[in-house]
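Student: Any chance you can model this:
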Amino acid sequence: MRRTIMIAFVLGTLLPLTLSTPVRAQCGDPIAGPCDKPNGTPGCDDLLCCKTVCAFEPFCCEVVWDLICVDLASGLCTTFLDCNGNGIDDAKDIASGASQDVNGNGVPDECETLIELHQRTYVHFDGEVTSLLSNHGELGVTFPEPPEGSVLWINATLNELWTVRNVAAYAIEGDGGPQTIWIAVPLPIVPGTPLRFADLRVSITPDLLLDPPLFAPLLTVLVPETPYTSGATFPDRAPPVIVPWTPPLLTDYERPACDHPDQVGRRGVPGVAEPANHCAPGAVARCLAWMFKTYRIDVDESCDEAQEIIAGLAAAMGTTATGTPNYGVPGIIAYLASKGLSNCLTVTKRRFDDPVPPTPQDLYDALNRGYDVIGLFGNYTLDENGRNVVRVNGHQVTIISVLRCGDLIQIRYRDDSAGGDKQGDNQPDKDRAVKKATLKPAGTRPESYFVPEEGLNDTDAFRWEGFISICPSRLKHTNAICGWADALGDRIIDIDDPANPTAEDLLALRRLAGTLKDLACSLAARLAGESPFPPGAAALIARIKTKAVKLDGLLDQYIDRPSTDLLVAIKNLSDDIESQAFLELEDLFDCDDDDVSDEIQIAADPTLDANGNGVLDACEPPPGDLDGDGVVDPVDLAILLAFWNTPNPIADLDGNGIVGPGDLAILLANWSQ
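Tutor: The predicted structure is shown next:
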């Protein structure tokens, strides 16, 4: 109705003026009048204010900026901010859910997103360029981490082609800080041609996109050429030329089968600067530095940081400029033995050519159980005759997290070659940056899975070969739970005003509680994958996990609304967890109290657990000790005779369902033991 009335008014009074003075302005046009008074033209000279008003009342831009438009501007444009350029106030974007604001600073996350794009030139470790200015690119997206348990989806167009499709972004560190994910992408050039500049649109949304993110701001970015070391080759074989990437119209490796994928990971994995072709000791150094800290393992201060560890590891693993023999596993074991850690850490390698080859699900399970995990990859190509697929070289990485979405498994990993970072530059990889790889079945090939993000085909491929796991003993796992619960309790005591904690207090509590929950959950996950556990351990571990998860939830409430009562409840739960782990669980895992986890002793000598129940035979009462006093004596005989000819399970020592002569014979055979 207003549009009809105003059109009549314009035609009756302003149309002659418009015809004699032809002024056609647009939002933000210098010839448009001001926004705070009627100006006689469509729109006004403030671009953001004009778009906001016209979104509510198109008349103001289609016909004339009048008093009603001025009134709208006074209410809408006073504090109007539109960092993403969609013509809507940032606050309204956030309130409606159109934009995320993970860190709560009032700025849409897409406006805090940093974008990098690099063009790879592949270089052999000896300096020979094998693929100059390839069409393999790496897109780096830095954004605030979403809250734990939630998933955001990254999409991007490159020169208006939908290149990145629904890549999951989720919390790794769990503190809402910045995270960088590096995504391999095809570049729209002929190999050998520099790209120089690219037009990008990048969106990060809470929902999967069914169409390209053409609504995102258009960014023109500089694309530097970046050397990328592809690894060592066998001495008698020339380094491979990287096959150009011919991307399909629809990338089949981005196939989110669920809106909320399962994810496991570990927080606090550090970076390390790798010398050229030292990916193996680099991957292990990150892992061991993380394990020493997370499991509170005491080592000399001169070798507890990743950069300190890598030098000793390289020597132990036999790493040279041409690579690492035997995947470095004997060297890892020797290195741990030299630090006195053989009784608390065990090393296992699983590879595609094992009798039972590993699957991506095994990788997920290993990380879920709290193991250190090093990913093993290989570059494959056709032999000189073009007939057989052969392995050219290998690569090792530190696995940070694994994403499971239906039958699709993706990993997030870290190495020292992402974007502008590279091996041999004396700069550690960024400790909040990860790279993405999908593990896709490779048909009948024995290597099982390849990584389609690298854009190669079924013969020239970057393949997943397996993994190395470093597993803490159950006793060490339990010790760590005790230690983190104790540290959390001490930190709570240090808070001066529980109702008004500082940001430093909250950050420290979040880190401590998050690690405690991670450890409790991973120990519970070990129940499903390791056997046997001592009787009673499963129920006790389940109780500890329940309390750790509840504690983490209470801390979220405390961060939102601090109160003394909440902090006291958190402290009580922390004390309960420490008490149960220290007084009960440690005894189950180290029944003979020799500071060596029982499963380590049993693995070294299975005869120590003849009945296979996970308990050292030396810790179990002798058969016939029915009253549990440690000896078989007349009291036990009286108990057995009292249950004679009954199915009592306590006195049925031979397990035949009835107390009788066989049980009596067992008791007498162990008399006075």
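Student: So what's the residue count around Asp66?
Tutor: Residues contacting Asp66 under the criterion other Cβ atoms under 10 Å number 19. In short, each C-beta sits where N, CA and C put it, glycine included.
Student: Dump the strand ranked longest in the chain to PDB, keeping only the CA atoms.
Tutor: The strand spanning the most residues in the chain, taking DSSP state E as the definition, is strand 389-405. As requested, C-alpha coordinates have been extracted for strand 389-405 and formatted as PDB (Å, rounded to 0.1, in the frame of the first residue of the first chain):
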ATOM      1  CA  VAL A 389      52.800 -50.600 -10.000                       C
ATOM      2  CA  VAL A 390      55.900 -50.100  -7.800                       C
ATOM      3  CA  ARG A 391      56.500 -48.200  -4.600                       C
ATOM      4  CA  VAL A 392      58.800 -45.200  -5.200                       C
ATOM      5  CA  ASN A 393      59.100 -43.700  -1.700                       C
ATOM      6  CA  GLY A 394      57.500 -43.300   1.700                       C
ATOM      7  CA  HIS A 395      56.200 -40.700   4.000                       C
ATOM      8  CA  GLN A 396      55.400 -40.600   7.700                       C
ATOM      9  CA  VAL A 397      53.000 -38.200   9.400                       C
ATOM     10  CA  THR A 398      51.600 -37.500  12.900                       C
ATOM     11  CA  ILE A 399      47.900 -38.400  13.100                       C
ATOM     12  CA  ILE A 400      46.000 -35.700  15.000                       C
ATOM     13  CA  SER A 401      42.400 -36.900  14.500                       C
ATOM     14  CA  VAL A 402      40.200 -39.300  12.600                       C
ATOM     15  CA  LEU A 403      36.700 -38.500  11.200                       C
ATOM     16  CA  ARG A 404      34.200 -41.300  10.500                       C
ATOM     17  CA  CYS A 405      31.200 -40.500   8.400                       C
END
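Student: Sheet-wise, list the partners of that strand with their directions.
Tutor: On the basis of DSSP bridges, the sheet neighbours of strand 389-405 come out as strand 262-265 (antiparallel), strand 372-382 (antiparallel), strand 408-414 (antiparallel).
Student: what pLDDT, on average, does that strand get?
Tutor: Per-residue pLDDT values over strand 389-405 give a mean of 86.
Student: isn't there a strand covering Ala168?
Tutor: Yes. In this structure, Ala168 lies within a strand as judged by DSSP: H, G, I helix; E, B strand; the rest coil.
Student: how deep is it tucked in, by neighbour count?
Tutor: The tally of other residues near Ala168 (other Cβ under 10 Å) stands at 23.
Student: Test of understanding: give the bridge partners of it.
Tutor: Assessed by DSSP bridges, Ala168 has beta-bridge partners Trp153.
Student: you'd agree it is up against Ser150?
Tutor: No. At 10.6 Å, Ala168 and Ser150 do not qualify as touching, with contact defined as Cβ atoms under 8 Å.
Student: and Leu641, which of the three is it?
Tutor: The three-state label given to Leu641 by three-state DSSP is helix.
Student: Report the separation between it and Gly630.
Tutor: When distances are taken as Cβ to Cβ, to the nearest Å, Leu641 and Gly630 turn out to be 21 Å apart.
Student: Mind telling me what element the closest residue to Gly614 other than its chain neighbours is part of?
Tutor: Distances taken as Cβ to Cβ, 6 or more residues apart in numbering place Pro532 nearest to Gly614, at 3.7 Å, with adjacent residues excluded. Using DSSP states H and E, Pro532 is not contained in any helix or strand.
Student: again with Lys545
Tutor: Lys545 is located in helix 537-560, with elements delineated by DSSP H and E.
Student: related to what we said a few turns ago, just checking, the residue nearest to Gly614 touches Pro606?
Tutor: No. Using Cβ under 8 Å, Pro532 is not in contact with Pro606, being 11.8 Å away.
Student: on that earlier part again, for the longest strand of the chain, what is the distance to the chain centroid?
Tutor: Average the C-alpha atoms of strand 389-405, do the same for its chain, and the two points are 15 Å apart (Cα atoms, centre = their mean, to the nearest Å).
Student: Report the buried residues of that strand.
Tutor: Neighbour-count burial for strand 389-405, with 16 or more other Cβ atoms under 10 Å as criterion, is recorded at 389, 392-405.
Student: Show me where the stretch 1-150 of the chain has its helices.
Tutor: All helices of the stretch 1-150 of the chain, identified by DSSP state H, counting those that start in this stretch, fall at 2-9, 15-20, 47-56, 59-62, 67-76, 90-96.
Student: The shortest one packs against which elements?
Tutor: When you say that, I think you mean helix 59-62. Helices and strands in packing contact with helix 59-62 are listed as helix 2-9, helix 47-56, helix 67-76; criterion 3 or more Cβ pairs under 8 Å, 6 or more residues apart in numbering; DSSP states H and E.
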